[in-house]
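Peer 1: have a look; sequence and predicted model below, questions after that.
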Amino acid sequence: MIDGLAKALGRKRGELNISVAELSRQTGVSRWTLDSILAGRSEMIHTETMNKLNSWLYQHV
């Protein structure tokens, strides 16, 4: 599940041509957390973080 989220975030970030810092600003998730997720170093994501990222992705579909 995290791999799919990381792939979707990375793809959408690339489509929008935004930095991790901008993604952080738009989602309300720290850039360090986003960096870990995008690099595949995160094994667990808090529910609140998952909700923020899913909501952001949903808004950009």
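Peer 2: Arrived safely. Residues are numbered from 1 along each chain as shown.
Peer 1: just give me the longest helix of the protein.
Peer 2: Longest helix of the chain, by residue count under DSSP state H: helix 2-16.
Peer 1: for Gln26, give its distance to Gln59.
Peer 2: For Gln26, the distance to Gln59 equals 9 Å [Cβ to Cβ, to the nearest Å]. All C-beta spots, glycine's among them, are computed from the backbone N, C-alpha and C.
Peer 1: neighbour count: these two, which is higher?
Peer 2: Applying other Cβ atoms under 10 Å to Gln26 and Gln59 shows that Gln26 carries more neighbours, namely 15 against 9.
Peer 1: if we ignore the residues flanking it in sequence, what's nearest that one?
Peer 2: Of all residues not flanking Gln26 in the chain, Trp56 sits nearest, at 6.2 Å (Cβ to Cβ, 6 or more residues apart in numbering).
Peer 1: do Leu5 as well
Peer 2: Leu53 (6.3 Å).
Peer 1: show me what contacts the one you found?
Peer 2: The neighbours of Leu53, taking Cβ atoms under 8 Å, 6 or more residues apart in numbering as the test, are Leu5, Leu9, Thr27, Val29, Ile37, Ile45.
Peer 1: check those for burial and list the buried ones.
Peer 2: Buried members of the contacts of Leu53, scored by 16 or more other Cβ atoms under 10 Å, are Leu5, Leu9, Thr27, Val29, Ile37, Ile45.
Peer 1: and those, which is closest to Leu16?
Peer 2: When the buried ones among the contacts of Leu53 are compared for distance to Leu16 (Cβ to Cβ), Leu9 wins out at 10.6 Å.
Peer 1: report pLDDT for that closest one.
Peer 2: pLDDT, Leu9: 95.
Peer 1: so it makes contact with Lys52?
Peer 2: No - with contact defined as Cβ atoms under 8 Å, Leu9 does not reach Lys52; the gap is 11.2 Å.
Peer 1: check which helix or strand covers Ser36.
Peer 2: Following DSSP states H and E, one finds Ser36 within helix 31-38.
Peer 1: now for that helix, which elements pack on it?
Peer 2: For helix 31-38, the packing partners by 3 or more Cβ pairs under 8 Å, 6 or more residues apart in numbering; DSSP states H and E come out as helix 2-16, helix 20-27.
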